[in-house]
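Participant: would you be able to build a 3D model of this:
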Amino acid sequence: MARSKGIENIKKDLTGNLQQDFNTFIRAALFDLSNQGSKEYSPVDTGFFASSWTAGTQRPRPDEARESFSPWSSLKPNRKGGRAIGSTVQPRFINNINYNFKPFSKVFIGNRSQYAARALASSNSEIPLYVQNVIGIKINEIFTDKKPKVAIAEKGLEGGQGGIGQFADPKKAFVDYTNL
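Facilitator: All right, here's what the predicted structure looks like:
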C-alpha cells in the first residue's frame, strides 16, 4: 500500500506501513488484554489487574498496589473466582501511551499490578490461550497490505458527484474513508 509515487520511495513507504501496523497491533493487544473486546482474557476480581496493562520499550514493573488507586481501593476482593461487588475495568494506560514504536524495536507488554504473577497463573486467566492462539490471528489481520475500507453514502446533496452502482445517483454523495 505505497503512499508515494515512484519506486525510489518504496523503502520509506514500507517502513511507514510497518510502523503503523506495529503500533496498531500493540494497541489491539492492550485493548484485548484489558477486556475491552468481545471476550475477556484477563481475570477480573476487582478489575484492577485488567485495568493495569501497558506497553513500553522497558519492561513494565509490577509495582502498583490496588489499594492506592480509586475506585479499586475501596473494593473488597472476592477471591472465589467471581467478580467482587462494584468491580470495574477502566484501562489506565492505553490512552496515555505514545504509540510511536519503531519496527524491529523491543516493546514489552506487561501489567503494573503488584499481584500480576498470581493473576496470570489464576485458573480464571485466559491470557495463556490468548498468547498461544489469538496473537497469531491478530498479526495476520493487522500486518497485511489489504486494508479494509469503509465507505459511507450520504443522501440529500444536490449536484453530488455520484458514484458507482447504488451511489450512481447524482443526488447522493459518496464519501470514502480509507487508511482508518
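
Participant: helix, strand or coil for residue 141?
Facilitator: Classification of residue 141 using DSSP: H, G, I helix; E, B strand; the rest coil returns helix.

Participant: check the gap between the residue nearest the centre of the chain and residue 142 for me.
Facilitator: Centroid-nearest residue in the chain: residue 28, 2.1 Å away (criterion: Cα atoms, centre = their mean). Using Cβ to Cβ, to the nearest Å, residue 28 is found at 7 Å from residue 142. Backbone N, C-alpha and C define where each C-beta goes, glycine included.

Participant: longest helix of the chain?
Facilitator: In the chain, with assignment by DSSP state H, the single longest helix is helix 10-33.

Participant: who's in contact with the helix or strand following that one?
Facilitator: Using DSSP states H and E, the helix or strand that follows helix 10-33 in sequence is helix 48-51. If you take Cβ atoms under 8 Å, 6 or more residues apart in numbering as the criterion, helix 48-51 is touched by 33-35, 40, 42-44, 66, 69, 72, 88-92, 111, 113, 115-116, 119.

Participant: from the residues you listed, which would you call buried?
Facilitator: Buried members of the contacts of helix 48-51, scored by 16 or more other Cβ atoms under 10 Å, are 33-35, 40, 42-44, 66, 72, 89, 91, 111, 113, 115-116, 119.

Participant: quick one on the thing from earlier: got a list of contacts for the longest helix of the chain?
Facilitator: So helix 10-33 is contacted by 1-4, 37, 39, 41-42, 50, 53-55, 91, 93-94, 97, 99-103, 107, 109, 127, 130, 134-135, 138-139, 142-143, 145 (Cβ under 8 Å, 6+ apart).
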